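> Got a sequence here, can you model it:
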Amino acid sequence: MDDLKFLILYGVLAGVLFASFRKAFHDHKLDQIPVVGSSGLLASYWDAFNSIRHSPDFIQCGYKLYPDRIFRVARLFQWEYVVCSPKLTRDIASAPEHIISFNEAENPYHLQVVRSTLTRNLHVCFLDVRDEIVCAFDDVLQLEGLDWKILPMLPTMMAIVAHMSNQGAVGIRNSYMTSKSRNKEYLANSVNHTIDIMRSARKISVVPPFLRPLLGPLISTQNKSNARALQFLGPLIEEGLSKERELGRDWPGKPNDLVSWVLDLAETEQRAVFPITVRIMHMNMAAIHTTSMAATYAIFDLMTRPEYLLPMREEAERVVKEKGWTKTALNNMVKIDSFLRESQRLNTNGPAGMWRKVVAKDGFRFSDGTVLPYGTFLSVARAPIRSRLRRIDANYENAATFDGFRFARERAEHSKRHMISTAVDHMPFGTGKHACPGRFFAATELKAMMAHLVINYDVKAEGVRPADKVFGALYFPDADGKVRVRKRQ
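Residues are numbered from 1 along each chain as shown. As a prediction, this is how the structure comes out:
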């Protein structure tokens, strides 16, 4: 522990020097881009330190001062260039990967699995997802009789989504994997892995980049969780590799599941048990983290606006009676879709998003003539753009007010206002070339969860809705926020 404390202290001191000198010798061509805060040697680092807890204030201030320009804010180890204008946001969204990079360091072939194969199989796997929702709610909520139970919402949703994501992805149409995906140890490991990644990322973000390879393994436990996941997923992956070697890629009886999909797209160096396990854990983490936060926010919105419960319940019961529990039925639940989209609109996961790095040697030129050089980091001011929806889209009335059914009313005129639709004024899933590839699966999960909830349960507030937690440019629902839940009579 003494060595660890020394390394952390050294990291902080080195970080101060590293960040100060980096800012002191930045490209002076960028001085024309306005600064929110101070551009001084030490004062800018103090701003960067303050932005850990007050980043939304910096972003909002920049938007008010420079609503149609690019401004910059100090981060611990670099300047971040923030875009507000929808026009400039479209420039980022349409830029190719070799100019500004979404993920320059990793071969993200697993995203193609989510974008194409998983999305194409949603109709096939929906009954398995639906079955897992029923099991997950029963196993996690553990409600007895008709009594109210007070539950911490974010941990509860993480446990439920872990059930669903593993059944919908790992356990599709395979009895062996279904039993494993319901194994409590495996599910607990998946949730703990997700929590560790998010906590560790926050800690590592304050460590100088050149020290992260050294301190990262001391901070994060993901290697341990990957090793535990290997115990469950290893035999499945090895079986798939063995069958391919023996019978070819399209071997008889090949399961239609995530392991097979990842193997189909994995390149030569990635076709091994451990790399495939790590990819699946990455996908698992993303699904659990984002979906559980969206579900938590939606339930917080529902408990503080109970007038939406009965209309959504009536819609869900009517549609299920007509079409059963099918993917087609979800597509007809327009009020639930609208409620979830509105919840996403007003509950972003931070004041900025769409982080990119300029990787073209000659930099990136925006349509207004601004040029950012190689190596600079940029993002989009998401929340401020949301606050001016009236100017962007005249069809939005009272844009700052929660209106759960606004998109249901507008569906006839705006067919692209579904939950999965992206735009520069609606970026929960990003927009452009790198819009979230898993949004189709996430939307299916969220709508199915909400329909199951309103049909089978009553919910109401337990105290005042808790304020979000803030760390840097990220928001999180308060993990201690509680809701009262009971089974319907």
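> can you pull the pLDDT of the closest residue to residue 75 other than its chain neighbours?
Nearest residue to residue 75, sequence neighbours excluded (CB to CB, 6 or more residues apart in numbering): residue 48, at 5.3 Å. C-beta coordinates here come from the backbone N, C-alpha and C atoms, glycine included. The model reports residue 48 with a pLDDT of 77.
> Same check on residue 186?
pLDDT, residue 186: 82.
> Which strand or helix spans it?
helix 184-204 (DSSP states H and E).
> List the buried residues in that helix.
186, 187, 189, 190, 191, 192, 193, 194, 195, 196, 197, 200 (16 or more other CB atoms under 10 Å).
> and it, what does it pack onto?
helix 153-165, helix 212-219, helix 222-247, helix 273-304 (3 or more CB pairs under 8 Å, 6 or more residues apart in numbering; DSSP states H and E).
> hmm, try it at 10 Å
helix 122-141, helix 153-165, helix 175-181, helix 212-219, helix 222-247, helix 273-304, strand 469-471, strand 474-476 (3 or more CB pairs under 10 Å, 6 or more residues apart in numbering; DSSP states H and E).
> Just put these in TSV and tack on mean neighbour count, mean pLDDT and distance to residue 382.
Output for the helices and strands packed on helix 184-204, formatted as TSV (neighbours: other CB atoms under 10 Å; pLDDT from 0 to 100; distance: least, CB to CB, whole Å):
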stretch	mean neighbour count	mean pLDDT	distance to residue 382
helix 122-141	18	83	27
helix 153-165	25	89	21
helix 175-181	17	48	34
helix 212-219	14	78	26
helix 222-247	17	86	27
helix 273-304	22	89	15
strand 469-471	16	80	14
strand 474-476	19	80	10
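> Export those as CSV, with columns for distance to residue 38.
Listed next are the helices and strands packed on helix 184-204 as CSV, based on distance: least, CB to CB, whole Å:
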stretch, distance to residue 38
helix 122-141, 48
helix 153-165, 36
helix 175-181, 51
helix 212-219, 26
helix 222-247, 36
helix 273-304, 33
strand 469-471, 21
strand 474-476, 23
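> can you list the domain ranges for the chain.
1-105+351-387, 107-349+388-487 (automatic domain parsing).
> Between those, pick out the one with the smallest average pLDDT, please.
domain 1-105+351-387 (a mean of 77).
> Just give me how far that domain sits from the chain centre.
The chain centre lies 21 Å from the centre of domain 1-105+351-387; the measure is CA atoms, centre = their mean, to the nearest Å.
> what's the answer for stretch 312-331, then?
27 Å.
> before we move on, the earlier item: which one of the buried residues of helix 184-204 is nearest to residue 54?
Using CB to CB, residue 200 comes nearest to residue 54 of the buried residues of helix 184-204, at 22.3 Å.
> And the helices in the stretch 351-489 of the chain?
Ranges of helices within the stretch 351-489 of the chain are 382-387, 389-392, 406-410, 439-456, based on DSSP state H, counting those that start in this stretch.
> Kindly export the longest one (C-alpha atoms) in PDB.
Going back to what we said before, that points to helix 439-456. Taking C-alpha atoms only, helix 439-456 is exported to PDB below (Å, rounded to 0.1, in the frame of the first residue of the first chain):
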ATOM      1  CA  ARG A 439     -29.700   0.800 -30.000                       C
ATOM      2  CA  PHE A 440     -32.100  -1.600 -31.700                       C
ATOM      3  CA  PHE A 441     -31.500  -4.300 -29.100                       C
ATOM      4  CA  ALA A 442     -31.400  -1.800 -26.300                       C
ATOM      5  CA  ALA A 443     -34.700  -0.300 -27.400                       C
ATOM      6  CA  THR A 444     -36.300  -3.700 -27.700                       C
ATOM      7  CA  GLU A 445     -35.200  -4.500 -24.100                       C
ATOM      8  CA  LEU A 446     -36.300  -1.200 -22.700                       C
ATOM      9  CA  LYS A 447     -39.800  -1.300 -24.300                       C
ATOM     10  CA  ALA A 448     -40.300  -5.000 -23.400                       C
ATOM     11  CA  MET A 449     -39.200  -4.200 -19.800                       C
ATOM     12  CA  MET A 450     -41.500  -1.200 -19.500                       C
ATOM     13  CA  ALA A 451     -44.500  -3.100 -21.000                       C
ATOM     14  CA  HIS A 452     -43.900  -5.900 -18.600                       C
ATOM     15  CA  LEU A 453     -43.600  -3.500 -15.700                       C
ATOM     16  CA  VAL A 454     -46.800  -1.500 -16.300                       C
ATOM     17  CA  ILE A 455     -48.900  -4.600 -17.000                       C
ATOM     18  CA  ASN A 456     -47.700  -6.600 -13.900                       C
END
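> what sits up against stretch 371-379?
26-27, 29-30, 33, 59, 70, 72-73, 75, 77-83, 88, 92, 100, 350-366, 473 (CB atoms under 10 Å, 6 or more residues apart in numbering).
> PyMOL command for the buried members of those?
Restricted to buried positions by 16+ other CB under 10 Å, the PyMOL selection for the contacts of stretch 371-379 reads:
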select buried, resi 26+30+33+59+70+72+73+75+77+78+79+80+81+82+83+88+92+100+350+351+352+353+354+355+356+357+358+360+363+364+366+473
